[in-house]
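A.B. asks: task: produce atomic coordinates for the following.
(one chain, ligands or ions: 1)
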Amino acid sequence: MFMLIKSYNSLREAEEEVAPITKNCITCAMEIPVDAKKCGYCGETHF
Ligand SMILES: [Zn+2]
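C.D. replies: As a prediction, the model looks like this:
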C-alpha cells in the first residue's frame, strides 16, 4: 500500500513538473492561463 501511494505521488510530481499552463484564480478559484493578467471569470487582476 505504501509503495502504491509513493509511486502515485511520484507520478503527480512528474505531472506538475511539466510546464503548468493554468493557475487558479485567487478570488473565484477557476483555472485560468498562467500568463493571464486578468481572470476571465471574475475579472480579478491581482495574482
Ligand atoms: Zn477569478
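A.B. asks: counting neighbours, what do you get for residue 22?
C.D. replies: Each residue near residue 22 was counted by other CB atoms under 10 Å, and the total is 12. Quick note: C-beta positions are derived from backbone N, CA and C, even for glycine.
A.B. asks: residues in contact with stretch 34-47?
C.D. replies: Among residues not part of stretch 34-47, those counted as contacts by CB atoms under 8 Å, 6 or more residues apart in numbering are 20, 21, 22, 23, 25, 26, 27, 28, 30, 32.
A.B. asks: near the ion too, which of these?
C.D. replies: 25, 27, 28 (CB under 5 Å from the ion).
A.B. asks: would you map the helices across this structure?
C.D. replies: Remark: helices assigned in the chain by DSSP state H are 2-17.
A.B. asks: what residues does it have near the ion?
C.D. replies: Contact residues, the chain versus the ion (CB under 5 Å from the ion): 25, 27, 28, 39, 41, 42, 44.
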